[in-house]
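J.: just need the structure, nothing else, for what follows:
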Amino acid sequence: MPQTAQSGARLVNSLTSLTNVSHQEWLEQVLHLALTHRQQGGRPFAALLVRDNRLVASAVNRMLEAGDPTRHAEMEALRGASQQGPLKGAVVYASGHPCPMCLSALVMNGISAVYYAFDNQDAAPFGFDSSAAYAALRLPLNPPPLPLIKLPSPISAATLYGHTTHE
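T.: Below is the predicted model of the structure:
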């Protein structure tokens, strides 16, 4: 039975009461949020913005719901977190590798690192690959503009991305 977005948010928010949450634990929570959102008909992406090991903002991709192509999860997390002060030094946990738009915004806001579960190769079979955008913009990722760290995922790309209809 799919959990609601509220229950996904409750799980994520429960991490704020813990100390010394690991990168892997944050990643598992962002994957839970993304999977819950996909099960509810949204795009399978989520992001958490964390500063000093405390959750500042959590978000999911709202492109379909809002009809706005800029409503990526990382952008939504930045929007929410920016209302609470400067973001320099914060860390982002994302279900997937950030696209060029999101990566640019993360760099411009002083995010210190991005930890993610699935890269473009993992997402390509499901139509969620931003490699072409990086190539069209001639934006090499070697060296990356900030640390982009892929962590092991407890779920497969197929479990997250499934065979959903997406644009």
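
J.: hang on, Thr36 in a helix?
T.: Yes. Using DSSP: H, G, I helix; E, B strand; the rest coil, the assignment for Thr36 is a helix.

J.: mind listing the helices for the chain?
T.: 5-14, 23-39, 63-66, 73-82, 100-108, 120-123, 131-136, 157-161 (DSSP state H).

J.: buried sites along the second one?
T.: Right, the one you point to is helix 23-39. By neighbour count on 16 or more other CB atoms under 10 Å, the buried set for helix 23-39 is 26-39. For glycine as for every other residue, the C-beta is placed from the backbone atoms N, C-alpha and C.

J.: same question, the fourth one
T.: By neighbour count with 16+ other CB under 10 Å, helix 73-82 contains the buried residues Ala73, Glu74, Met75, Glu76, Ala77, Leu78, Ala81.

J.: show me where the protein dips below the pLDDT cut-off.
T.: Of all residues in the chain, those with pLDDT under 70 make up the ranges 1-19, 164-167.

J.: so what's the residue nearest the centre of the chain bridging to?
T.: The residue lying closest to the centre of the chain (CA atoms, centre = their mean) is Ala94, at 2.5 Å. Here Ala94 sits in beta bridges with Ala47, Tyr116, going by DSSP bridges.

J.: nearest to Leu87, out of the buried residues of helix 23-39: which one, please.
T.: Trp26 (16.2 Å; CB to CB).

J.: pretty sure the closest one is touching Ser95, no?
T.: No. Using CB atoms under 8 Å, Trp26 is not in contact with Ser95; the gap is 11.5 Å.

J.: of the helices of the chain, which is nearest Leu151?
T.: Comparing those by CB to CB, helix 23-39 comes nearest, at 5.0 Å.
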